[in-house]
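In: need the 3D shape of this:
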Amino acid sequence: MVEVKLFSGTTSAYLSKSIADHYGHPLGDINVHRFSDGEMQPVINESVRGAYVFFIQSTYPPTENLMELLLMVDAAKRASAGYITAVIPYFGYARQDRKDKPRVPISAKLIANLLHTAGANRIMTMDLHADQIQGFFDIPVDHLKSEAIYIPYFQQQDLSNTIFASPDVGGVKRARTYAKHFRRPLVICDKYRKQANEVSEMTVIGDVEGADVILVDDLVDTAGTLCRAAAILVEKGARSVRAMCTHPVLSGQAYEKIENSHLEELLVCDTIPLKQDSEKIKVLSTAKLFSRAIRNTHEHRSISALFVGD
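Out: Predicted coordinates for the structure are as follows:
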């Protein structure tokens with residue numbers, strides 16, 4: 001069987017090490033040399049000729065993370081790697097997936113083009129902001145779901161009084177997955193924005209009186225939507241409110257908002273490292289899921305079998 005090589009980008013080393021440990025294979029030797037003007041040059045210090053190469057790097061800000069990934073992929077392509085997979089736990093710029101106003105880029109499509117041009121043969125990622133982003137790629141995309149992590153976690157808890165909620169209309173499908181799996185009700189928080197990162201109005205569609213509510217979203221950025229939704233749910237009679245989000249972007253005053261909010265707990269995955277500790281934030285690991293997906297890719301086995309927790 002063709003040899004597997006796992007390499008980590010600079011800012012995802014914390015996750016890559018854990019993935020490699022679960023996989024049972026050490027990370028490959030790679031250095032990123034930085035010139036005095038800020039330019040970077042990845043150097044792969046071992047042969048990758050003919051190998052299955054996996055580069056693990058989330059592309060959260062700054063954009064150097066994306067640039068580093070592109071350069072690593074290009075280096076492997078020029079070193080005659082047999083098959084290159086970009087493992088991107090958090091796919092940045094995914095929210096810019098359409099022209100919602102005149103004269104703006106479709107940035108998610110541009111990033112897809114860049115990765116393909118650099119030499120990636122396959123993309124592996126988790127919980128894209130919109131499923132249709134997979135169609136931006138002309139190469140296979142393994143779109144892993146955090147359901148495989150969260151469903152087993154919630155199976156250990158009493159959900160008899162739980163209602164799942166979507167913090168906006170766009171996330172209804174995501175929240176419905178959990179409501180349907182656990183056979184629990186679903187409510188929707190309908191929000192209206194005047195501009196990005198600023199919620200102007202929000203209403204609750206459904207009854208939450210006396211219920212323990214779990215908000216479901218793909219990412220939390222400024223935390224404005226989640227905290228506003230939690231406050232309104234409590235106003236409507238919810239006994240408690242928790243939230244689960246795959247990607248903890250947590251920019252601006254997000255940590256302060258969460259600490260001062262009605263949220264009792266925020267569950268997130270480790271696709272992005274936390275900038276600071278918080279008693280309200282609990283991190284669940286994605287390492288085992290990604291290691292299994294990498295193994296299945298290498299052994300030409302099904303990836304879809306990993307989509308729902310077992």
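In: what sits up against the biggest helix by length in the chain?
Out: Longest helix in the chain by number of residues (criterion: DSSP state H): helix 64-78. For helix 64-78, the surrounding residues in contact (Cβ atoms under 8 Å, 6 or more residues apart in numbering) are 7, 9-12, 30, 32, 40-44, 48, 53, 55, 57-59, 84, 86, 88, 92, 111, 114-115, 118-120. Yep, even glycine has a C-beta here, placed from its N, CA and C like the rest.
In: do that again at 6 Å, thanks
Out: Here helix 64-78 makes contact (Cβ atoms under 6 Å, 6 or more residues apart in numbering) with 9, 11, 40, 42, 44, 48, 53, 55, 57, 59, 84, 114, 118-120.
In: and if you look at stretch 23-38?
Out: So stretch 23-38 is contacted by 5-8, 10, 16, 20, 40-46, 291 (Cβ under 6 Å, 6+ apart).
In: show me which of these are buried.
Out: Buried members of the contacts of stretch 23-38, counted by 16 or more other Cβ atoms under 10 Å: 5-8, 10, 16, 20, 42, 44, 291.
In: among the residues you listed, which are in helices?
Out: Judged by DSSP H, the buried ones among the contacts of stretch 23-38 include 16, 20, 291 as members of helices.
In: what about the second one, distance to D190?
Out: From A20 over to D190 the distance is 43 Å, taken as Cβ to Cβ, to the nearest Å.
In: which of the contacts of helix 64-78 fall in strands?
Out: Per DSSP state E, strands hold the following members of the contacts of helix 64-78: 40, 42, 44, 53, 55, 84.
In: distance to H181 and pLDDT added to these, as CSV?
Out: Formatted as CSV, these follow (distance: Cβ to Cβ, whole Å; pLDDT from 0 to 100):
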residue, distance to H181, pLDDT
M40, 43, 96
P42, 41, 97
I44, 42, 98
V53, 35, 98
F55, 33, 98
I84, 35, 98
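In: per the record, what domains does the protein have?
Out: For the chain, the TED database gives the domain ranges 4-144, 147-285.
In: indicate which one of those domains is closest to N296.
Out: Smallest distance to N296 across the domains of the chain (Cβ to Cβ): 8.7 Å, for domain 4-144.
In: what angle do the longest helix of the chain and strand 40-44 make?
Out: 40 degrees (axes from the mean of the first three to the mean of the last three Cα atoms, to 10 degrees).
In: on that earlier part again, show me the two of the contacts of stretch 23-38 that sit farthest apart.
Out: Q41 and S291 (28.6 Å).
In: show me what counts as buried in stretch 89-104.
Out: 89-97.
In: and which of those residues is nearest I232?
Out: Nearest to I232, judged by Cβ to Cβ, of the buried residues of stretch 89-104 is R95 at 23.0 Å.
In: checking the closest one next. Helix, strand or coil?
Out: State at R95, reduced to three classes by DSSP: H, G, I helix; E, B strand; the rest coil: coil.
In: swap in the one 10 residues further on?
Out: Three-state assignment for P105 (three-state DSSP): coil.
In: measure it to E64 for me?
Out: The spacing between P105 and E64, counted by Cβ to Cβ, is 19 Å.
In: picking that back up, scan the contacts of helix 64-78 and report the most crowded one.
Out: Neighbour counts for these peak at F55, which has 30 neighbours (criterion: other Cβ atoms under 10 Å).
In: helices along the protein, start to end?
Out: According to DSSP H, the helices that the chain contains are 13-23, 64-78, 107-118, 147-155, 172-182, 224-235, 254-259, 287-298.
In: what mean pLDDT does the last one get?
Out: Right, helix 287-298. Averaging pLDDT along helix 287-298 yields 97.
In: the first one too?
Out: For helix 13-23, mean pLDDT rounds to 98.
In: orientation of it relative to strand 52-56 in degrees?
Out: 140 degrees.
In: tilt between helix 13-23 and helix 287-298?
Out: Using the same axes, to 10 degrees, the inter-axis angle of helix 13-23 relative to helix 287-298 is 60 degrees.
In: could you do the third one as well?
Out: Orientation note: helix 107-118 sits at an angle of 50 degrees relative to helix 287-298 (the same axes, to 10 degrees).
In: what's helix 107-118 in contact with?
Out: By Cβ under 6 Å, 6+ apart, the residues outside helix 107-118 that reach it are 70, 73-74, 86, 93-94, 96-97, 133, 136-139.
In: quick one: distance of stretch 228-248 to the chain centre.
Out: Chain-centre distance of stretch 228-248: 20 Å, with Cα atoms, centre = their mean, to the nearest Å.
In: so how far does that stretch reach from one end to the other?
Out: End-to-end distance of stretch 228-248 (Cα to Cα, to the nearest Å): 17 Å.
In: so which of the ones in strands among the contacts of helix 64-78 comes closest to P152?
Out: In terms of Cβ to Cβ, no member of the ones in strands among the contacts of helix 64-78 lies closer to P152 than F55, at 27.9 Å.
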